[in-house]
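K.L.:
No sequence on hand, only this structure:
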């Protein structure tokens, strides 16, 4: 079954306390893995796209990595403004088109 | 603003009401989507329009009726909804087949059915 699983469901960090969010997937025909950030009452906002195992992308305090079965979103020295829900999505080829499979997200709270 | 605008931002409606959600994008995308987001569930794809034609309808109840009059506008018409339809409804757009950025999402309409 095509599935995307994110863990943990919720994470509370002290400001400056680095950690990682996990996204594991059992989706065949991977075309890309996407990370989004979603603030309360808003739609998801694009962060990264990863295409192949071993690829890494960085943006400020965030770094995303990809293996054949999972992706990690590493947060280094987080700040309160990093508090949000982080969504992972896998884009897979289905027939002549594509389909997105979303995880349920990790809710991150960074405490000052 | 992401380039995808949804109105209204909040909507409270009774089970016998009829209302519509509106989505507008001027990003040059020609695929548009409606998603439903409920607490602790993955985003649920409802409808896909590509080049103004509906290409996907994921077993959505008939009380939800989409309309795509042109490549920049998408509507979701609602009637006789149930309380379990309360959720955040997200509109998204992309190039057909996706892009390096996946979808561009709007801010959503928070729907409450009473």
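P.N.:
Now that the structure is in, tell me what you want to look at. Source: prediction; values computed, not measured. Numbering: from 1, shown residues only, chains lettered A, B, ... in the order given.
K.L.:
List the contacts of residue A:8.
P.N.:
The contact partners of residue A:8, taken as C-beta atoms under 8 Å, 6 or more residues apart in numbering or on different chains, are A:21-22, A:106. In short, each C-beta sits where N, CA and C put it, glycine included.
K.L.:
Nearest spatial neighbour of the residue of chain A found nearest chain B, chain-adjacent residues omitted?
P.N.:
Nearest residue of chain A to chain B (C-beta to the nearest C-beta) works out as residue A:43 at 3.4 Å. Among residues not flanking residue A:43 along the chain, residue B:105 sits closest, at 3.4 Å (C-beta to C-beta, 6 or more residues apart in numbering or on different chains).
K.L.:
Report the contact partners of that neighbour.
P.N.:
A:36, A:43-45, B:2, B:4, B:90-92.
K.L.:
show me where chain B has strands.
P.N.:
Ranges of strands in chain B, per DSSP state E, are B:4-7, B:10-13, B:18-25, B:31-37, B:44-50, B:53-57, B:64-70, B:73-79, B:87-94, B:104-105, B:109-113.
K.L.:
Lowest average confidence across those strands, which one?
P.N.:
Among the strands of chain B, strand B:53-57 carries the lowest mean pLDDT, a mean of 74.
K.L.:
lowest confidence element among the helices and strands of chain A?
P.N.:
strand A:97-102 (a mean of 84; mean pLDDT, DSSP states H and E).
K.L.:
Mind listing the residues bridging to residue 90?
P.N.:
All of this is about chain A. residue A:33, residue A:101 (DSSP bridges).
K.L.:
was after chain B, sorry
P.N.:
residue B:35.
K.L.:
That one and residue B:44 touch, don't they?
P.N.:
No. Assessed by C-beta atoms under 8 Å, residue B:90 is found out of contact with residue B:44, at 9.9 Å.
K.L.:
and the residue of chain B found nearest chain A, bridged to which residues?
P.N.:
Relative to chain A, the nearest point of chain B is residue B:105 (3.4 Å; C-beta to the nearest C-beta). Bridge pairing for residue B:105 (DSSP bridges) gives the partners residue B:92.
K.L.:
ditto for residue B:18
P.N.:
residue B:79.
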